[in-house]
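Engineer: model the following, please.
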Amino acid sequence: MNRTEKESLVSELSDLFASRSFVAVAHYKGLTVRDLETLRGQMREAGAGFRVTKNRLTKLALKGSKFEGLSDLFTGPTAIAFSDDPVSAAKVCATYAKKNDKLVILGGAMDGQVLDASGIETLSKLPSLDELRAKLVGMIQTPATRIAGVLQAPGGQVARVLHAYSEKDAA
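Structural biologist: Have a look, this model is predicted:
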């Protein structure tokens, strides 16, 4: 890698750190290319990303960013998981790490607050942004359906009474 490639990589990583709200750092030693591609695919589906990085260049990109506290974690074969929704990336990482012990989550940061591995695990157990939205919509819709049911019930009862009288008269 020549100097201009390194500079562009540092610039790209700096932009990534500036635009994301969550970054997790993990060791991936022993994972095959197929394993990494599977993990990247799962991350993409969740709206997150996973990238193998060069430690020295990543440390340079971290300087002055809200994730600067993570620079101590970049030793050995490291990769980063990143997203705007902190729960989605943490969920995918934690789930994959449970299935494959070669992925070891070292820690991460959410909006500048540094988290250890147990913090990432706790974050992964929270409902995602989409799940929270679905619950909120369900809570909003429930009263509306109840109101509609209550308003329709008297009309239905009147119709049943009239139908019963008409059958009585016919008999």
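
Engineer: flag the shaky bits of this protein, pLDDT-wise.
Structural biologist: Within the chain, the stretches with pLDDT under 70 are 144-162, 171.

Engineer: dead centre of it: give me the residue that sits there.
Structural biologist: Per C-alpha atoms, centre = their mean, the C-alpha nearest to the average position across the chain is that of residue 88, at 1.0 Å.

Engineer: name the residues that touch the helix or strand hosting that one?
Structural biologist: Using DSSP states H and E, residue 88 falls within helix 86-99. Here helix 86-99 makes contact (C-beta atoms under 8 Å, 6 or more residues apart in numbering) with 21-22, 24, 26, 39, 42-43, 46-49, 81-83, 103-105, 108, 110, 120-121, 123-124, 126-129. C-betas here are computed from N, CA, C, even on glycine.

Engineer: one more time with 7 Å
Structural biologist: 21-22, 24, 26, 39, 42-43, 46-48, 81-83, 103-105, 110, 120-121, 123-124, 126, 128-129 (C-beta atoms under 7 Å, 6 or more residues apart in numbering).

Engineer: just these: which are in helices?
Structural biologist: 39, 42-43, 120-121, 123-124, 129 (DSSP state H).

Engineer: of those residues, buried ones?
Structural biologist: Neighbour counting with 16 or more other C-beta atoms under 10 Å marks 39, 42-43, 120-121, 123-124 as buried within those.

Engineer: need the residues you listed in a markdown table with distance to residue 141, can you?
Structural biologist: As requested, these are arranged in a markdown table below (distance: C-beta to C-beta, whole Å):
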| residue | distance to residue 141 |
| --- | --- |
| 39 | 36 |
| 42 | 31 |
| 43 | 31 |
| 120 | 33 |
| 121 | 33 |
| 123 | 28 |
| 124 | 28 |
